[in-house]
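Asker: here is the input, now give the coordinates:
(one chain, ligands or ions: 2)
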Amino acid sequence: MRDQFGCLSVKDGCAPQGQCGCCTVWVDGRPRVACVTAARRVAGRSVTTLEGLDADLRGRWVEAFTDAGASQCGFCTPGILMRLAALDAAGAKRDEGAVRTALLAHLCRCTGWQSIVEAASAALGDRPREVRARDPLLASWRAQVEGPAFQSSGPAAAMGEGGFASDTAPAGSLVALRDESGVSVGSDLASARRGLAKVQGRRSGEPLGHPVPLPEGQWALTLQTTWVEPAYLEPDASWCGPGATPASPLANGGAFGGKRTSPVTGEARALADERGAPVLALWTREEVVRRGPKRPPIALALRADGTGVIRVARPEGSADLTPMQAAVAEAAPGLLFEEVVVPGPPVAPELRAAGWAEASAAVAALRALGEGRVGPGVPVEVVGRTGARARVEIGADGRVAVEVSAGEPLDETTLRSYCLGAVHQALGLGWSEGVAVDHDGRVQDLTVRSFGILAARDMPEVRVTLHRSDRPPVNGSDAVFAATAAAAWLADGLAPRWPTRRRGR
Ligand code: FES
Ligand code: FES
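Answerer: Residues are numbered from 1 along each chain as shown. Ligands and ions are numbered 1, 2, ... in the order given. Have a look, this model is predicted:
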């Protein structure tokens, strides 16, 4: 669809795993994942992409997604729109349960699902459309404060037109695909893929590990975490002409810090210089899982007075963790920071509030423990590094109540969307996410489904209250992220290892 017909709404998030849903199209009006559908199977049948959808139907869905803030980077959105618009067109069961079930075929890392479900309810007529006046510049400004990277939030983002590097390479660029076996260069993606060994991503039976040992001693509170994948949906991509500056792999969003120093830009430039022609450099999903930075596993031990130790995994080839040490010191000045060399994939301090969030959650949890308040319904307040305040409570019924004060909201829909996404990612960190790594440090689970990202059906209802202020806008979602992680941990009785609710491990 992309190579031959130029249908760039059809995104490649995991091909040929068939697990992210980003490439969903219609075949004879029914949603199908394109990356695992052989061309011969659609011979004589009708294939529809977002570009070819009935204009009224498409406009209604794009509008609903834009109104609800249901699209952030927008990489997942065209596939999700095709899935949900099929429910609409078929007049099938269209209640919230049906929408959440339909979303099981998809992954969205940014939005936390709720805004997508709200957009679907509006588009399907289940709830009145809430039209909030939105200024696209203010929306982008708020996204940049939260991201932190440029992000447009208008209809183009919902159409998947965020300017991703894999979509903007000049026509006729060579395509270089990188996998464990090396780099294969071809005239298009299909020919580049043919040059690689066939290594299908898989989910192994390897258990999740907690690679950093706890320090000896008597501790009031301990926590060990595992390898966590940032799981940005657009794999690393960049294009470059000979002697030129490579395109950023951060086209419409910050990838949670995961692609900030991606080597893919250098690879695009080197190949373009070598070939004397523009080259689009791409990593397979499996390569992203193997080589992309993980959230550093930690072992944290606290005494009742707030002093203690945080040990952080730093495998060979990882980035310098000094910024993480500084962030931890801000959250918990009494913690001694130690790096531990363990075998494993690289880690990076830029990944969403890495270390700071865990230390903030531990300090908040210790406070609650000291007051004898452990369990559901315990509110947690965290002050962010920027001065934002977040208060999160997870009730006995699982519902999540969030209050956030992050200066002038600029665009409430965008700020709310980021807060919903932060709740989803924090619950995943505490409850379900992890990547299995064997004793030799090799990543074993290479599929996007194996990361343990919470599905739409697993997400509790989240209520977000934004407190307006005339103070300058500051990042609020990181404080929400840390406060949610702490509230979830308290609700689970301060289990000593995250994730606490991983199924089948
Ligand atoms: S790219 Fe086809 S399902 Fe992920
Ligand atoms: S908006 Fe869904 S992955 Fe970014």
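
Asker: who in this protein is up against ligand 1?
Answerer: Residues of the chain that fall close to ligand 1, judged by C-beta under 6 Å from any ligand atom: 12-15, 17-23, 33, 35. All C-beta atoms are positioned from the backbone trio N, CA, C, and that covers glycine.

Asker: can you do 5 Å?
Answerer: Proximity of the chain to ligand 1 (C-beta under 5 Å from any ligand atom) is limited to residues 12-15, 18, 20, 22-23, 33, 35.

Asker: quick one: the strands in the stretch 1-150 of the chain, in order.
Answerer: Shown for the stretch 1-150 of the chain, the strands assigned by DSSP state E, counting those that start in this stretch span residues 24-27, 30-33, 47-48.

Asker: deepest in the core, which of these is it.
Answerer: strand 24-27 (a mean of 22; mean count of other C-beta atoms under 10 Å).

Asker: any chance you could list what contacts that one?
Answerer: Strand 24-27 is contacted by residues 1, 10, 31-34, 37, 42, 45-49, 78-80, 82-83, 86, 105-106 when judged by C-beta atoms under 8 Å, 6 or more residues apart in numbering.

Asker: coming back round to it: to T226, which of the strands of the stretch 1-150 of the chain lies closest?
Answerer: strand 30-33 (28.9 Å; C-beta to C-beta).

Asker: pLDDT (mean, whole number) over the closest one?
Answerer: Model confidence over strand 30-33, given as mean pLDDT, is 97.

Asker: again, but for stretch 69-77
Answerer: So the average pLDDT for stretch 69-77 ends up being 96.

Asker: pull the CA atoms of that stretch into CSV?
Answerer: Extracted in CSV, the C-alpha atoms of stretch 69-77 (Å, rounded to 0.1, in the frame of the first residue of the first chain):
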residue,chain,number,x,y,z
GLY,A,69,-7.8,15.1,21.9
ALA,A,70,-7.8,11.4,20.9
SER,A,71,-4.7,11.8,18.7
GLN,A,72,-1.3,12.8,20.0
CYS,A,73,1.5,11.7,17.7
GLY,A,74,-1.2,10.3,15.4
PHE,A,75,0.8,7.3,14.3
CYS,A,76,-1.8,4.8,15.5
THR,A,77,-4.8,6.9,14.5
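
Asker: that older thread, filter the contacts of strand 24-27 down to the buried ones.
Answerer: 1, 10, 31-34, 37, 47-49, 78-80, 82-83, 86, 105-106 (16 or more other C-beta atoms under 10 Å).

Asker: pick out the residue of the stretch 151-300 of the chain closest to ligand 2.
Answerer: In the stretch 151-300 of the chain, the residue that lies nearest ligand 2 is L233 (4.2 Å; C-beta to the nearest ligand atom).

Asker: neighbours of that residue, how many?
Answerer: 24 (other C-beta atoms under 10 Å).

Asker: OK, contacts around whichever residue of the stretch 401-505 of the chain sits closest to ligand 2?
Answerer: At 8.2 Å from ligand 2, G421 is the closest residue in the stretch 401-505 of the chain, using C-beta to the nearest ligand atom. By C-beta under 8 Å, 6+ apart, G421 lies in contact with 72, 109-112, 477.

Asker: so which residues on the stretch 101-250 of the chain come close to ligand 2?
Answerer: 108-110, 233.

Asker: ok, of those, which one's closest to L282?
Answerer: L233 (13.8 Å).

Asker: identify the residues contacting that closest one.
Answerer: 11, 13, 20, 22, 73, 75-76, 107-109.

Asker: hmm, which of these is lowest in pLDDT?
Answerer: C73 (94).

Asker: wait, it touches T111, no?
Answerer: No. C73 is beyond contact range of T111, at 9.3 Å (criterion: C-beta atoms under 8 Å).

Asker: may I have the strand or helix carrying A357 as CSV, with CA atoms only?
Answerer: Per DSSP states H and E, A357 falls inside helix 356-370. Extracted in CSV, the C-alpha atoms of helix 356-370 (Å, rounded to 0.1, in the frame of the first residue of the first chain):
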residue,chain,number,x,y,z
TRP,A,356,12.7,10.7,39.3
ALA,A,357,9.2,9.1,39.0
GLU,A,358,10.3,5.9,40.9
ALA,A,359,12.0,8.0,43.6
SER,A,360,9.0,10.4,43.9
ALA,A,361,6.6,7.4,44.1
ALA,A,362,8.7,5.8,46.8
VAL,A,363,8.9,9.0,48.9
ALA,A,364,5.1,9.4,48.6
ALA,A,365,4.5,5.7,49.5
LEU,A,366,6.8,6.0,52.5
ARG,A,367,4.9,8.9,53.7
ALA,A,368,1.6,7.1,53.4
LEU,A,369,3.1,4.0,55.0
GLY,A,370,4.3,6.1,58.0
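
Asker: check which residues of it are buried.
Answerer: Neighbour count says helix 356-370 has 356-366, 368-369 buried, by 16+ other C-beta under 10 Å.

Asker: same deal with stretch 157-168?
Answerer: 157-162, 164-168.

Asker: can you check stretch 305-314 too?
Answerer: Applying 16+ other C-beta under 10 Å to stretch 305-314 flags 306, 308-314 as buried.

Asker: thinking again about what came up before, looking at the contacts of L233, state which has the most neighbours.
Answerer: Neighbour max across these (other C-beta under 10 Å) = F75, 31 neighbours.

Asker: I'd like the distance between the closest residue to L454 other than its chain neighbours and ligand 1.
Answerer: The spatial neighbour of L454 that comes closest, neighbours along the chain excluded (C-beta to C-beta, 6 or more residues apart in numbering), is G428 at 5.1 Å. Taking C-beta to the nearest ligand atom, to the nearest Å as the measure, G428 falls 19 Å from ligand 1.

Asker: in which helix or strand does G428 reside?
Answerer: helix 412-431.

Asker: pLDDT of that helix, averaged?
Answerer: On average, helix 412-431 scores 97.

Asker: quick check: what element follows it along the chain?
Answerer: strand 462-466.

Asker: low-confidence ranges, the stretch 1-150 of the chain, go.
Answerer: Applying pLDDT under 70 to the stretch 1-150 of the chain picks out residues 92, 128-132.

Asker: so R275 touches L174, yeah?
Answerer: Yes. With contact defined as C-beta under 8 Å, R275 and L174 form a contacting pair (6.0 Å).

Asker: between those two, who's got more neighbours?
Answerer: It is L174, of R275 and L174, that has more neighbours when counted by other C-beta under 10 Å, with 20 against 13.

Asker: please save the CA atoms from stretch 323-341 in PDB.
Answerer: The C-alpha trace of stretch 323-341 is given here as PDB (Å, rounded to 0.1, in the frame of the first residue of the first chain):
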ATOM      1  CA  PRO A 323      21.000  13.400  34.500                       C
ATOM      2  CA  MET A 324      19.100  10.600  36.100                       C
ATOM      3  CA  GLN A 325      21.200  10.900  39.300                       C
ATOM      4  CA  ALA A 326      20.400  14.600  39.500                       C
ATOM      5  CA  ALA A 327      16.700  13.900  39.000                       C
ATOM      6  CA  VAL A 328      16.600  11.300  41.700                       C
ATOM      7  CA  ALA A 329      18.400  13.700  44.100                       C
ATOM      8  CA  GLU A 330      15.700  16.300  43.500                       C
ATOM      9  CA  ALA A 331      12.900  13.800  44.400                       C
ATOM     10  CA  ALA A 332      14.700  12.000  47.200                       C
ATOM     11  CA  PRO A 333      17.800  13.800  48.500                       C
ATOM     12  CA  GLY A 334      18.400  11.100  51.100                       C
ATOM     13  CA  LEU A 335      19.000   8.400  48.400                       C
ATOM     14  CA  LEU A 336      22.500   7.200  47.600                       C
ATOM     15  CA  PHE A 337      22.700   6.700  43.800                       C
ATOM     16  CA  GLU A 338      24.600   3.600  42.600                       C
ATOM     17  CA  GLU A 339      25.100   2.400  39.000                       C
ATOM     18  CA  VAL A 340      25.300  -1.400  38.600                       C
ATOM     19  CA  VAL A 341      26.700  -2.900  35.400                       C
END
